[in-house]
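1. below are the sequence and a predicted model for it; my questions follow.
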Amino acid sequence: MKDISASQKLIEKRLQRREREMRGKLPFTLDQTIDMSHFSLKDILDLPQLKSMLDNFYEISGVGVCIKDEQGKTLLYSTWQKVCSHFHRAHPLSAVHCEESNEVLSEEIPFGTHKAFKCANGLWDLSTPIIVEDQRLGKLNIGQFLYDDEEVDESVVRQRAHMYGYDEEAYLEAYGNVPRWSHDKIQKAMDFCIQLTNMISTQGYANLRMAKMLDEHKKLEEILKQEKVKAEAANEAKTQFLANMSHELRTPLNGIMGMNQLLSMTELNKEQQEYMDISLKACANLTGVVNEILDYTSLAKKPEELVETEFQPEMLLLETMGLYQAAADEKKINLSYSISPEVPDEVMGDRFKIKQILNNLVGNAVKFTEKGNVLMKITTMPSNDSDNDTMLKFIVQDTGIGIEPERLSSVFDTFTQVDSSHTRKYGGLGLGLSIARELAWIMEGDITVESTPAVGSTFNFTCKAKLNKSERTHDRIKVDAGTVVMSRPQRVLVVDDDYANRWMTQTMLKKEGLLVDTAENGQSAIDQVKMKKYDVIFMDLQMPVMHGYEATRSIRNLDKHGGATVPIIAMTAAGLPEVRKQCMDMGMNDYLLKPIDRETLLKKINEVKNLS
């Protein structure tokens, strides 16, 4: 008598491990129900694994195990007893008794129980059902065997051999090799088989749930893929709409602001000058609103990419001072800057984003300060990433109204303002600081604030920059925003399809003593470059005949005409980040966003010598 305990433990461990794996994968599918009427036993079995288990069971116990579906088809079996495979099933007459056993054991057996039957050939078979969710899918049979207390009449065995024409001695030997089990061992074996069918049911149903889940997941993936395509198309439409809206808003605004600035340079009486100042301030306020809305929408749509170029940190402070000097002078505020000795003369970074943040911080400082000072500082902090990296730290201090302690934590939230009352003195959408922090994060930095009401605020802005290893240095010279320095370019080409903008820009530059030609589209600009050598080109982007991108690419190929090196500055009403990046990718040197005020235009002229 062979001990089956080792085999039983091995199979139980395998089944339990498999069940744990399945349950671990399907914790979120347990509530799903499956209509089992559409499935057969074969659909839920892991046939290779079960075959290995049945073979192991036979090898240790000497008793075969068979799994059949509800139609009686054998799906898996280990090994039949030799007395059955070589004799009983091999002879048509004795095989009838085997089929009789199959029929009896095919009758309905309650779940969790087993049925025993002794066939006319004298051997025992046992059967227990496989039921999944109340649906009978098959059964597990074990056999053939004899009880150890049974006495076998040798004369009956010989008589059966003679009746069916078996080799008598060979048949007696095969019959004598049939396993003999005690009643207790048989009960334990059937308890094991019942547990095995329970695990087959549980695992099989889990397999079906997984299959259903995977099928639904696949369908969901397909739906998500389709929705992603739709979303991307909608996003692209939104981007195009924003670009068009930006262009449509900024183009006329540029003309209005430019004409007002030109008019302000003429002789006006006091009343007319007051009207003009109010008009210019209204234009500036509207420009700020348009900028903030488009910046916020662009950041919400997707993170901006970095566009890194060489720049001088000190020059950014000078440019920022130039933008807000007039407003500071009007309020009699002292606007100044300082720069630490360790700050590099030149670094690589996203100059445009840094300047956008500085404009917001300094603009706020001037707006919320009624008397005293606004101070800008630059220092550095060590970077942990690379020896070639540094962290620039910009500090903007003011002696303004300050921020209440309970509002400090929310100043960077969208649509949040320092003063949100109905009687608030200061305008704005409350988007600027939110946008500024987002931009700082993109540059692997941050913005923090310290403030005391009625004393003032200090904003600290950090961003990562790459050190420029070249040996060249730059003289630090302050630039007056209202005039053009002596080293300015002499001949300028202004390319714009809008007559008002073209005429306004040309007039502003001519008043500074520059020689200015104009072109109304990209092809005309190329023709002009072939005839004359220009010191700088201001290039609009959206134009008929040929747009600014294509014109820039063509001009860069005109090497003998100086097109390869001439500074080209985009002058566009499209304010989206991808537009700016595309300008840089196409070979432009800088970017001016409409509406363009006189001071900004003159600053770009002063910076041209550093672009080429």
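-> Now that the structure is in, tell me what you want to look at.

2. where along the stretch 201-350 of the chain do the helices fall?
-> Assigned by DSSP state H, counting those that start in this stretch, the helices in the stretch 201-350 of the chain fall at 270-301, 313-330.

3. among these, which is the most enclosed?
-> Ranked by mean neighbour count under mean count of other CB atoms under 10 Å, the helices of the stretch 201-350 of the chain are led by helix 313-330, which reaches a mean of 19. For every residue, glycine as well, the C-beta is placed using N, CA and C.

4. looking at the helices of the stretch 201-350 of the chain, which is nearest to residue 582?
-> With CB to CB, the closest approach to residue 582 among the helices of the stretch 201-350 of the chain belongs to helix 270-301: 13.6 Å.

5. as a quick check, tell me the outermost residue of the protein.
-> Among residues of the chain, the one most distant from the C-alpha centroid is residue 155; the distance is 82.2 Å, by CA atoms, centre = their mean.

6. please report how far that residue lies from residue 175.
-> Counting by CB to CB, to the nearest Å, the gap between residue 155 and residue 175 amounts to 13 Å.

7. coming back round to it: TSV please, covering the helices of the stretch 201-350 of the chain and showing mean pLDDT.
-> Supplementary listing: these in TSV, determined by pLDDT from 0 to 100:
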stretch	mean pLDDT
helix 270-301	72
helix 313-330	86
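
8. for residue 230, find the nearest of those helices.
-> Distances from residue 230 to each of the helices of the stretch 201-350 of the chain were compared using CB to CB; the shortest belongs to helix 270-301, at 15.5 Å.

9. let me see the ranges of the helices in the stretch 351-500 of the chain.
-> Counting by DSSP H, counting those that start in this stretch, the segments of the stretch 351-500 of the chain that form helices are 351-367, 405-408, 432-442, 499-510.

10. mind listing what's buried along the shortest one?
-> Judged by neighbour count (16 or more other CB atoms under 10 Å), helix 405-408 contains these buried residues: 407, 408.

11. and what of stretch 180-197?
-> Going by 16+ other CB under 10 Å, stretch 180-197 has these buried residues: 181, 185, 186, 189, 190, 192, 193, 194, 195, 196, 197.

12. among those residues, name the ones in helices.
-> Those of the buried residues of stretch 180-197 mapping onto helices are 185, 186, 189, 190, 192, 193, 194, 195, 196, 197, per DSSP state H.

13. which one of those is nearest residue 433?
-> residue 195 (66.5 Å).

14. against residue 105, how distant is the closest one?
-> Relative to residue 105, residue 195 is positioned 19 Å away (CB to CB).

15. with residue 503 instead?
-> With CB to CB as the criterion, residue 503 and residue 105 are 102 Å apart.

16. same deal with residue 369?
-> The value you get for residue 369 to residue 105, if CB to CB is used, is 96 Å.

17. which residues in the stretch 501-612 of the chain form helices?
-> Along the stretch 501-612 of the chain, counting by DSSP H, counting those that start in this stretch, helices occupy 522-531, 548-556, 577-585, 598-607.

18. between helix 313-330 and the last one, find me the angle.
-> Helix 598-607 and helix 313-330 are oriented at 150 degrees to each other (axes from the mean of the first three to the mean of the last three CA atoms, to 10 degrees).

19. other SSEs contacting helix 598-607?
-> Packed against helix 598-607 by the contact rule (3 or more CB pairs under 8 Å, 6 or more residues apart in numbering; DSSP states H and E) you find helix 313-330, helix 499-510, strand 590-593.

20. again, 7 Å this time
-> Using 3 or more CB pairs under 7 Å, 6 or more residues apart in numbering; DSSP states H and E as the contact test, the elements touching helix 598-607 are helix 313-330, strand 590-593.

21. for it, list every residue counted as buried.
-> Burial within helix 598-607, assessed by neighbour count using 16+ other CB under 10 Å, is assigned to 598, 599, 601, 602, 603, 604, 605, 606, 607.

22. redo these as CSV? Include pLDDT and distance to residue 588.
-> Supplementary listing: the buried residues of helix 598-607 in CSV, determined by pLDDT from 0 to 100; distance: CB to CB, whole Å:
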residue, pLDDT, distance to residue 588
598, 79, 22
599, 78, 21
601, 83, 16
602, 80, 19
603, 77, 17
604, 80, 12
605, 78, 16
606, 75, 18
607, 73, 14
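
23. comparing residue 503 and residue 105, which residue is more hemmed in?
-> Here residue 503 and residue 105 are set side by side on neighbour count (other CB atoms under 10 Å), and the busier one is residue 105, at 23 against 17.

24. and for the more buried one, nearest residue in space, chain neighbours not counted?
-> Leaving aside its sequence neighbours, residue 105 sits nearest to residue 127 (CB to CB, 6 or more residues apart in numbering; 4.0 Å).

25. confirm that the one you found sits in a strand.
-> Yes. Assigned with DSSP: H, G, I helix; E, B strand; the rest coil, residue 127 falls within a strand.

26. what's the burial count for it?
-> By other CB under 10 Å, neighbour count at residue 127 equals 25.

27. wait, it sits on residue 110?
-> No. Because the distance of 11.9 Å does not satisfy CB atoms under 7 Å, residue 127 is recorded as not touching residue 110.

28. joint contacts of those two?
-> With contacts taken as CB atoms under 7 Å, 6 or more residues apart in numbering, not a single residue reaches both residue 127 and residue 110.

29. mind picking the two most distant members of the ones in helices among the buried residues of stretch 180-197?
-> The span of those, defined through CB to CB, is set by 185 and 197 at 18.9 Å.

30. ok so, going back, between the helices and strands packed on helix 598-607, which one is nearest to residue 543?
-> Across the helices and strands packed on helix 598-607, residue 543 has its closest neighbour in strand 590-593 (15.5 Å, CB to CB).

31. just checking, what packs against the closest one?
-> Judged by 3+ CB pairs under 7 Å, 6+ apart, the packing partners of strand 590-593 are strand 568-572, helix 598-607.

32. and residue 364, what does it touch?
-> In this structure, residue 364 makes contact with residue 432, judged by CB under 7 Å, 6+ apart.
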